[in-house]
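pasting the sequence and the predicted coordinates here, then a few questions.
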Amino acid sequence: MSLGGVVLAAGESTRMGRDKALLLWPPEGPGTLLAAAIDALVQHCDMVIVVAGNNEPALRQVVYGCGAFLTRNPTPELGQFSSLQIGLHEVLNRGRDNAMITLVDRPPPEAATLASLVNSFAKRNHDIWAVVPEYQGKHGHPILLGREMIEAFLKEPASANAREIEHANGERIAYVEIDDPLVTANVDTLEDYASLKSRF
């Protein structure tokens, strides 16, 4: 099974006031949230693609330093789904039929969590198109997509919403209960970041 990793990092980080991709992670450094995401995905993926926006010049050194590929969303103002489509096109163009997707503002979960998700995806029935982690009833990231779900995402307009497409194909998704709060951790504001740092 070949997996193409995708890190969505094209957001403007307006609520944070600085690029979330470059926040220190782990909290004491010296790495960043972006580097941590790449390092986590590369353990299970043949390659990792980072989708940047107007922040592409600022992310270039981190992306290439971690051995990942960089692609730019020319219209990040269209929203996160447009970046997801660009990343999925890159996965297919590079000869992979499956993808592991994460967001740069979500610290990577534990290594055992990722291994469990990949194992669930590898053993899924043919009628399951995607595997999504769940923690205490809340869906999280990274998500794993098979070719069928990738095609379902790509046929929609760039203005679509990934969650709505997932709900429309709910019977094709396996939600895997994970005992790891990091799958649902999210960093939108400096307060979020401070709260998350305090837990580490």
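Here it is on my side, so go on. Residues are numbered from 1 along each chain as shown.

can you pull up the most central residue in this protein?
residue 102 (0.9 Å; CA atoms, centre = their mean).

assign it to helix, strand or coil.
Secondary structure, DSSP: H, G, I helix; E, B strand; the rest coil: residue 102 is strand.

show me what it bridges to in the sheet.
residue 7 (DSSP bridges).

that one reaches residue 109, doesn't it?
No - applying CB atoms under 8 Å as the test, residue 102 and residue 109 come out as separate, 9.2 Å apart. Quick note: C-beta positions are derived from backbone N, CA and C, even for glycine.

tell me where the protein has strands.
Listed in chain order, the strands of the chain (DSSP state E) span 3-9, 47-52, 69-72, 98-103, 130-135, 138-139, 143-145, 173-177.

biggest helix in this protein by residues?
helix 80-93 (DSSP state H).

return the set of buried residues in that one.
80, 81, 82, 83, 84, 85, 86, 87, 88, 90, 91 (16 or more other CB atoms under 10 Å).

out of those residues, flag the one nearest to residue 119.
Nearest to residue 119 among the buried residues of helix 80-93, counting by CB to CB, is residue 91 at 20.2 Å.

give me the contacts around the helix or strand bottoming out on mean pLDDT in the chain.
When the helices and strands of the chain are scored by mean pLDDT, DSSP states H and E, helix 190-198 comes last with a mean of 90. For helix 190-198, the external contacting residues (CB atoms under 8 Å, 6 or more residues apart in numbering) are 16, 17, 23, 27, 107, 185, 186, 187.
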